[in-house]
Structures are given as structure tokens and as C-alpha cells.
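*Asks:* Below is the sequence, then the predicted model.
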Amino acid sequence: MRLPTRTIAVTLLAAVTAFPTAGMAAVSRLRYGQNAASAHDISTLPQTVAIRKGFFTREGLALDVVPTGAFDLVGALENGNIDISRIATPYLVAAVVKGSDLVAIASQTANPVYSLVARPEIARFADLKGKLLGLSIPVDTITLVMRKLMALNGVPNHDYRVKAVVGTVARFACLKSGRMRGGADASTRRPRGGAIGISPARRVHRGRRPRLQRRHGAAHLGAGA
């Protein structure tokens, strides 16, 4: 799957209309809310490349990365603590339905980089029937993708149990402890099976995979925008 390396750059640069500069020499400071739980996974690659290549500096932007909790991104945007962020579509939709004036300005990936990781005794999707899986909250893109993945491979929602665990690191810890038999992995780092008993071969990529939805860059457009 191809992941555009300039996507985050494009997403952030699209917000310049909300933060105009006085001239080419002027610098606009842009506060970017970074989900702390995903600060080191593949979703930050375009952003990292854009920073290292100087894309923001070239466009007259000074980017301040503000670590923010996954559940605090919408509130931080609405309260003016950050100017822009990358959030899963359901969170944005839920906020707008409640009256928020947040807007989506660009989308990221059409086919999310998520994996279903399981313990060694799980050899196929059917082995997960009746088992406990670690996903995210119900409206999170990760949960929606994993449920679609399971259904496409013959395991409907009612055939397994789910515990909401936010963050790949936290879900991986639950797998390590044995409390769960499978979980969603939003990173590109392979499980260290020899150390904790989880086999890299259990990344379930051999089944059918869904194409579901995109993550969006969101910005708060207040009265002065």
C-alpha cells in the first residue's frame, strides 16, 4: 500500500487560509495537536518528513507540535489550544452533530495501515471466535476497520468480545499479559515474538482486507477566520 509522504504537509498547508501571513517574509505560527498515543507510528511519517525537509519553513510556517490526549483533540481545537490536528472521521462527525464549527480540510489515507495481531495459538480468523479482542472505542476508525476485517473473513461482531483499549502500546501490553487473544495494531513495528510470545506471523494480512474510510485534518474556524 502506498502512503503519500507529503500528506500531512498538504493537510497543514491547507490551513494557511485560516492563518494568513502579512507577506512572504512573515512567519505564521501553527499549533498542531499530535495524538500522544500515536506519536511514533506510521501516521506521523508524512509530518516528520515535512519537518525534516523544511516544507513548513519554506511556506513561512513555524510548526509547534503539541502532544495531546486522543480524547482531548476535539476539545483542544474548540477551546483554541491548538489550531489544527489529525483526527479520525467519526470524532469529527460526532462533534459537528453536537454543534461544533470544526471543519475537515484534507484527508489522509484511503486504506488505513492497521493490522490484527494475535497470540501464537491463533492460526486463523475462525480461532478468534468467542475470544476477547483489544480494539479502540466504538466510533474509532481502528475499531470500524477491525470489525469490517473480521466480518469479511467470516467472524461477525457477535462471535467475539471486545474491550476498548486506546493506543497500540496499551493494546500490545494486554496481548503480552494474555488477557486478550488479539488486538488492533496501528504501528509498523513487528511484534517481538521471542520476547513476549506473540508471533509476527500472526499479523492477519492473508485474509480479505477492507477499504473503509479516511482520517481527516481538522481545523477550528472561529469568528476571526
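*Replies:* Sure, I can see it. It should be emphasised that the depicted structure is a prediction, and the values quoted were computed from it without experimental measurement.
*Asks:* The closest residue to residue 133 other than its chain neighbours pairs with what?
*Replies:* With CB to CB, 6 or more residues apart in numbering as the criterion, residue 133 has its nearest non-adjacent residue at 4.7 Å, and that residue is residue 182. All C-beta spots, glycine's among them, are computed from the backbone N, C-alpha and C. Beta-bridge partners recorded for residue 182 (DSSP bridges): residue 118, residue 133.
*Asks:* Let me see the contact set for residue 182.
*Replies:* Contacts for residue 182 (CB atoms under 8 Å, 6 or more residues apart in numbering) come out as 116-119, 122, 128, 131, 133-134, 175.
*Asks:* And the nearest residue to residue 35 once chain neighbours are set aside, how far from residue 85?
*Replies:* Once flanking residues are discounted, residue 35 sits nearest to residue 70: 5.1 Å by CB to CB, 6+ apart. To residue 85, residue 70 is 11 Å away according to CB to CB, to the nearest Å.
*Asks:* tell me, what's touching the two both at once?
*Replies:* Between them, residue 70 and residue 85 share the contacting residues residue 35, judged by CB under 8 Å, 6+ apart.
*Asks:* if I read this right, residue 30 contacts residue 83, doesn't it?
*Replies:* Yes - using CB atoms under 8 Å, residue 30 makes contact with residue 83 at a distance of 5.4 Å.
*Asks:* one step back: which of residue 70 and residue 85 has more residues huddled nearby?
*Replies:* residue 85 (27 against 18; other CB atoms under 10 Å).
*Asks:* who are the neighbours in contact with the nearest residue to that one once chain neighbours are set aside?
*Replies:* Distance criterion CB to CB, 6+ apart; nearest residue to residue 85, sequence neighbours excluded, is residue 33 at 3.6 Å. Going by CB under 8 Å, 6+ apart, residue 33 touches 66, 68, 73, 76-77, 81-82, 84-85.
*Asks:* Listing partners with orientation, what would you give for the helix or strand harbouring residue 33?
*Replies:* Here residue 33, judged by DSSP states H and E, is contained in strand 28-35. Partners of strand 28-35 in the sheet, by DSSP bridges, are strand 61-68 (parallel), strand 84-88 (parallel).
*Asks:* least reliable of those going by mean pLDDT?
*Replies:* Mean pLDDT is lowest for strand 84-88 among the strands paired with strand 28-35, at a mean of 85.
*Asks:* related to what we said a few turns ago, need the contacts of residue 33 in JSON lines (columns: distance to residue 164).
*Replies:* Supplementary listing: these in JSON lines, determined by distance: CB to CB, whole Å:
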{"residue": "66", "distance to residue 164": "25"}
{"residue": "68", "distance to residue 164": "19"}
{"residue": "73", "distance to residue 164": "17"}
{"residue": "76", "distance to residue 164": "21"}
{"residue": "77", "distance to residue 164": "23"}
{"residue": "81", "distance to residue 164": "25"}
{"residue": "82", "distance to residue 164": "24"}
{"residue": "84", "distance to residue 164": "27"}
{"residue": "85", "distance to residue 164": "21"}
